[in-house]
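*Asks:* Predicted model, plus sequence, below.
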Amino acid sequence: MTNIHPTAIISPKATLDEGVRVGPYSLVGDYAHIGRGTEIGPHVQIDKWTTIGEDCRIFFGATIGNPSKDLKYKGERSYVKIGDRNTLREYVSISRSTFEEGATIVGDNNLLMNWVNLAHDTVVGNRTIMANFVSLAGHVEIEDDVRLGAHAALHQYVRVGKMAMAGGFSKIVQDIPPFALSAGQPARVRSLNRIGIHTSQINPLSQLSPETLALLKRAFRILFRSGIPLRHAVTKVREEIAANPEVEYLLRFIESSKRGIGFSHPHRSLVG
């Protein structure tokens with residue numbers, strides 16, 4: 001059975017599955033859906049057209065599904081869609097899409113710490129961790145197993161590849177490749193994200209073989225330390241390193257970058 005505090009206000013048009021708990025003074029709007037076993041703390045706002053999956057925990061003061069802050073937004077029906085087993089700590093804010101029938105999306109098993117803000121049309125994968133005050137502008141894409149340090153700020157349309165990490169207070173205006181450790185203002189690729197990759201290995205979906213890690217290390221050395229233009233470095237990696245799905249994934253990410261990739265080398269800040 002659901003457990004709803006008497007001071008909470010639940011729209012009669014909302015649907016709550018079995019085992020949902022809603023704390024004092026929280027609001028659940030029209031056409032919102034809350035999945036089985038999800039716990040909503042006090043003073044939380046779940047706005048209309050929001051879907052939240054199973055076994056999530058949403059803490060004090062969070063506001064989920066608030067209208068897009070994009071000035072183009074005129075009240076069209078759009079969504080926030082959140083998966084299962086996510087933890088949204090105090091004052092997390094997630095805006096719905098700017099576009100009619102569009103969605104801001106969060107996958108499964110993510111941890112968003114205090115005051116994290118996800119703007120309209122962002123897409124977040126699975127098993128990510130965002131520390132306090134991380135801010136994602138509109139249309140940002142975060143892939144699986146990403147770690148973002150406290151106060152990191154991401155420009156519109158930036159992509160962060162899987163198993164990448166950005167240090168605290170990073171100003172991220174260009175894409176961060178998969179498996180990369182990045183930091184700075186603006187952020188630059190520093191190295192292979194060895195520690196982040198190691199901590200991701202606890203999940204079977206994120207495990208990389210020692211052989212793959214060795215190939216990625218060689219690829220990073222060519223791409224970000226050889227001093228040659230990035231497009232030539234990509235070709236060189238394909239010529240010199242044995243075919244590997246994760247290395248190819250890294251190269252394709254770089255080739256498809258629209259915002260470019262930033263480098264830590266003092267003479268390099270090149271667009272892919």
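*Replies:* Yep, that arrived.
*Asks:* which SSE is Trp115 in?
*Replies:* Assessed by DSSP states H and E, Trp115 sits outside every helix and strand.
*Asks:* Any idea how many residues pack against it?
*Replies:* 19 (other CB atoms under 10 Å). Where C-beta positions appear, they are placed from N, C-alpha and C, glycine not excepted.
*Asks:* could you list every residue that touches it?
*Replies:* Neighbouring residues of Trp115 by CB atoms under 8 Å, 6 or more residues apart in numbering: Glu90, Tyr91, Val92, Ser93, Asn132, Phe133.
*Asks:* Check what pLDDT it gets.
*Replies:* If you check Trp115, the pLDDT there is 98.
*Asks:* Equivalent analysis for the one 5 residues further on, please.
*Replies:* Predicted confidence (pLDDT) at His120: the value is 98.
*Asks:* how about the nearest residue to it, chain neighbours excluded?
*Replies:* Excluding its sequence neighbours, the residue lying closest to His120 (CB to CB, 6 or more residues apart in numbering) is Ser68, at 3.9 Å.
*Asks:* Which strand residues bridge the residue lying closest to Ile9 once chain neighbours are set aside?
*Replies:* Leaving aside its chain neighbours, Ile9 sits nearest to Leu27 (5.1 Å; criterion: CB to CB, 6+ apart). With DSSP bridges as the criterion, Leu27 is bridged to Ile9, Gln45.
*Asks:* thinking Leu27 is in contact with Lys48, fair?
*Replies:* No: counting by CB atoms under 8 Å, Leu27 does not reach Lys48; the two are 10.2 Å apart.
*Asks:* if we can go back for a sec, what's the local residue count around the residue nearest to His120?
*Replies:* Ser68: 22 neighbours (other CB under 10 Å).
*Asks:* how close does it sit to Asp108?
*Replies:* Per CB to CB, to the nearest Å, Ser68 is found 24 Å from Asp108.
*Asks:* who does the helix ranked longest in the chain touch, helix- and strand-wise?
*Replies:* The helix that spans the most residues within the chain, counting by DSSP state H, is helix 210-225. If you count contacts as 3 or more CB pairs under 8 Å, 6 or more residues apart in numbering; DSSP states H and E, helix 210-225 packs onto strand 187-192, helix 230-240, helix 245-255.
*Asks:* tell me the mean pLDDT over it?
*Replies:* Averaged over helix 210-225, pLDDT sits at 96.
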